[in-house]
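> sequence and predicted structure, then a few things I'm wondering about:
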Amino acid sequence: MRMLRDIFLVKDTDQYICGWHVDDTGFWPATAEAPGVNAWIAIDDMPIDRGGGFALALGSHTAPWKAEAHTVTGSTLTFPEQGFRDAADMFANRTGSGTCNIQTSAPHLHAKMEHSKYVYDIKRGDVIFHDRWLFHRTVPFQKQR
């Protein structure tokens, strides 16, 4: 096994949570056709009664609507074969409305993912492995009172 990249994310209760998405080239330093597995490691408990913090849209990596979801988010799977000249060209000409915006840009796809979602009751040290093209999202935490 070879680890290509690690990222530390903090799950929050505010407006900056990320909706349904795949970890694209911003997270994966690999070509779109390269296979990959994400390992999501909890460094703290993320109890489901407080939100859970992490949800998977089960089967979304093989769903018949996955290509539409990739187009809506501007996934690297939709990039032109010849690529882009530079970052400015990519931001000006890529498809979609952004990585985390399926809920507003394609409510019908958001509903499909919500219907198939699974939220984990995660304990510190748990690891969730999933295909890199499986849609997943942040689940906001409820603050303890």
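Yes, it's here.
> okay, CA-based contacts and neighbour counts for the rest of this
Fine.
> which residue ranges form the strands in the chain?
For the chain, the strands defined by DSSP state E cover 37-41, 54-57, 117-119, 127-131, 136-138.
> using JSON lines, please lay out these together with mean pLDDT.
Shown next, in JSON lines, are the strands of the chain (pLDDT from 0 to 100):
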{"stretch": "strand 37-41", "mean pLDDT": "85"}
{"stretch": "strand 54-57", "mean pLDDT": "91"}
{"stretch": "strand 117-119", "mean pLDDT": "92"}
{"stretch": "strand 127-131", "mean pLDDT": "91"}
{"stretch": "strand 136-138", "mean pLDDT": "86"}
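> which one of the ones you listed lies nearest to Met90?
Closest to Met90 of the strands of the chain, according to C-alpha to C-alpha: strand 136-138, at 23.8 Å.
> just to revisit the earlier point, will you turn the strands of the chain into CSV that also has mean neighbour count and distance to Leu109?
Formatted as CSV, the strands of the chain follow (neighbours: other C-alpha atoms under 10 Å; distance: least, C-alpha to C-alpha, whole Å):
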stretch, mean neighbour count, distance to Leu109
strand 37-41, 15, 22
strand 54-57, 22, 11
strand 117-119, 17, 12
strand 127-131, 15, 19
strand 136-138, 22, 13
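> JSON lines for those strands, including distance to His110?
Converted to JSON lines, the strands of the chain look like this (distance: least, C-alpha to C-alpha, whole Å):
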{"stretch": "strand 37-41", "distance to His110": "21"}
{"stretch": "strand 54-57", "distance to His110": "10"}
{"stretch": "strand 117-119", "distance to His110": "10"}
{"stretch": "strand 127-131", "distance to His110": "19"}
{"stretch": "strand 136-138", "distance to His110": "11"}
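> how about the helices in this protein?
Secondary structure of the chain (DSSP state H): helices at 66-73, 87-93, 102-105, 107-116.
> looking at these, which is buried most?
Neighbour counts (mean count of other C-alpha atoms under 10 Å) averaged over each of these peak at helix 66-73, with a mean of 19.
> and the contacts of it?
Residues external to helix 66-73 that are found in contact with it (C-alpha atoms under 8 Å, 6 or more residues apart in numbering): 21, 60, 76-78, 95-102, 105-106, 109.
> appreciated, that's everything.
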